[in-house]
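**Student:** I need the structure of the sequence given here:
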Amino acid sequence: MEAGKTSNVAPCERKDFGKALCIITGASKGFGRCLAKEISALLQPGSVLLLVARSAEKLQELEGELSSQRNGLVIRCVVADLGQKDGVGSVIREAKKTPSSEINSLLLFNNAAALGDVSRFFRSFTDMDDVDEYLSMNVSSALCLTAGILQAFPARVGLQRSVVNVSSLCALQPIPSWVLYCTGKAARDMMFCVLAKEEPELRVLSYAPGPLDTEMQVHARTYTADDNARKSIMALHCEGRILTCEESVGKLMKVLLKDDYTSGAHLDFYDL
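**Tutor:** Here you go, the predicted model:
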């Protein structure tokens, strides 16, 4: 059942995201890093940009770059493994350092994800620990982090809260030898559909960014076990049909600023 558009929040096109707390997981590279750069220019002075990733070095590099370009933006970094309970808790604790009364916008981007072992087929996944570890990082963490942030920043007049799930076409279409990734993305999409139904005042979006020029894409075309799937992925690269992160992030920013999407919807780069 499709999540419906909220009836008590009128869509409104904005020029920026106001004075915000913006949280981005998986911010150290690829889509997340590009997202941090692009959205930093759309946050008003006094906003807090909370960057989360496992690599301290890459986060520090990004923090330095943004700090030199964005006066009035507070940048905080959390080095965390979101596959662990302590990692999720550390992000929530850091977010709580920003009083809700000091912001008028809350943005949470659930971007962190792993491709998983695509060199194996379904029948080889007999070890529950392998599967549980993947789902903990890619599904459980997104649920628990989002729930914790929403509890810390409850609905109130004057605060717009938006949750973005970085999704994939794989949430809708199966790819042989990608059982973990497809399962994780499908689970996350449904999870956020439920959230949109339960809390209609929220703005919830699952955004599939398209095939991106990232390390994950290189890994996919190198290690995918299924011959047909691997050849299709390689063709995207050889034919120049891979998107830059900047192209995809730019389209996402337009969607969020225009703010007329159906809450809980899955939107693909190519559908916009």
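
**Student:** what pLDDT does the closest residue to residue 204 other than its chain neighbours get?
**Tutor:** Distances taken as Cβ to Cβ, 6 or more residues apart in numbering place residue 196 nearest to residue 204, at 4.1 Å, with adjacent residues excluded. C-betas here are computed from N, CA, C, even on glycine. On pLDDT, residue 196 comes in at 98.

**Student:** and residue 196, that one's in a strand?
**Tutor:** No. Judged by DSSP: H, G, I helix; E, B strand; the rest coil, residue 196 forms no part of a strand; its state is helix.

**Student:** Report pLDDT for the residue nearest to residue 243 when sequence neighbours are not counted.
**Tutor:** Nearest residue to residue 243, sequence neighbours excluded (Cβ to Cβ, 6+ apart): residue 210, at 4.7 Å. Per-residue confidence (pLDDT) for residue 210: 98.

**Student:** Tell me which residues touch residue 210, please.
**Tutor:** 169, 243, 248, 268, 269, 270 (Cβ atoms under 8 Å, 6 or more residues apart in numbering).

**Student:** Can you say which of these are buried?
**Tutor:** 169, 243, 248, 268, 269 (16 or more other Cβ atoms under 10 Å).

**Student:** Just the ones of those residues in strands?
**Tutor:** residue 268 (DSSP state E).

**Student:** what's the spacing between residue 18 and residue 257?
**Tutor:** 11 Å (Cβ to Cβ, to the nearest Å).

**Student:** Assumed residue 189 was part of a helix.
**Tutor:** Yes. In this structure, residue 189 lies within a helix as judged by three-state DSSP.

**Student:** isn't residue 245 right next to residue 34, touching?
**Tutor:** Yes. With contacts counted by Cβ atoms under 8 Å, residue 245 reaches residue 34, the gap being 3.7 Å.

**Student:** what about the residue lying closest to residue 14 once chain neighbours are set aside, which SS state?
**Tutor:** Using Cβ to Cβ, 6+ apart and skipping residues adjacent in sequence, the residue nearest residue 14 is residue 257, 5.0 Å away. Of the three states, residue 257 takes helix according to three-state DSSP.

**Student:** Just list what the helix or strand residue 254 falls within packs against, helices and strands only.
**Tutor:** Per DSSP states H and E, residue 254 falls inside helix 245-258. Under the contact criterion of 3 or more Cβ pairs under 8 Å, 6 or more residues apart in numbering; DSSP states H and E, helix 245-258 touches helix 30-40, strand 160-166, strand 203-208.

**Student:** hang on, the earlier thing: now the residue nearest to residue 204: how far from residue 164?
**Tutor:** For residue 196, the distance to residue 164 - Cβ to Cβ - is 12 Å.

**Student:** okay, and the common contacts of those two?
**Tutor:** The contact lists of residue 196 and residue 164 share residue 204, where a contact means Cβ under 8 Å, 6+ apart.

**Student:** Pretty sure residue 241 sits in a strand.
**Tutor:** No. Per three-state DSSP, residue 241 lies outside any strand segment and is coil.

**Student:** For it, give me its contacts.
**Tutor:** Here residue 241 is in contact with 211, 235 (Cβ under 8 Å, 6+ apart).

**Student:** That one and residue 62, how far apart?
**Tutor:** From residue 241 over to residue 62 (counting by Cβ to Cβ), the distance is 28 Å.

**Student:** Would you state the helices of this protein in chain order?
**Tutor:** 30-40, 56-69, 85-95, 128-135, 141-152, 179-198, 215-223, 227-238, 245-258 (DSSP state H).

**Student:** helices and strands around the shortest one, which ones?
**Tutor:** What that stands for is helix 128-135. Partner elements for helix 128-135 (3+ Cβ pairs under 8 Å, 6+ apart): helix 179-198.

**Student:** would you put the C-alpha positions of the helix it packs on in PDB?
**Tutor:** The C-alpha trace of helix 179-198 is given here as PDB (Å, rounded to 0.1, in the frame of the first residue of the first chain):
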ATOM      1  CA  VAL A 179      20.800 -11.300  -3.000                       C
ATOM      2  CA  LEU A 180      22.100  -9.300   0.000                       C
ATOM      3  CA  TYR A 181      22.000  -5.900  -1.600                       C
ATOM      4  CA  CYS A 182      18.600  -6.400  -3.200                       C
ATOM      5  CA  THR A 183      17.100  -7.700   0.000                       C
ATOM      6  CA  GLY A 184      18.500  -4.800   2.000                       C
ATOM      7  CA  LYS A 185      17.300  -2.100  -0.300                       C
ATOM      8  CA  ALA A 186      13.800  -3.600  -0.600                       C
ATOM      9  CA  ALA A 187      13.600  -3.900   3.200                       C
ATOM     10  CA  ARG A 188      14.700  -0.300   3.700                       C
ATOM     11  CA  ASP A 189      12.100   1.000   1.100                       C
ATOM     12  CA  MET A 190       9.300  -0.800   2.900                       C
ATOM     13  CA  MET A 191      10.600   0.400   6.300                       C
ATOM     14  CA  PHE A 192      10.300   4.000   5.200                       C
ATOM     15  CA  CYS A 193       6.900   3.500   3.600                       C
ATOM     16  CA  VAL A 194       5.700   2.300   7.100                       C
ATOM     17  CA  LEU A 195       7.300   5.400   8.700                       C
ATOM     18  CA  ALA A 196       5.500   7.700   6.300                       C
ATOM     19  CA  LYS A 197       2.200   6.100   7.100                       C
ATOM     20  CA  GLU A 198       2.800   6.200  10.900                       C
END
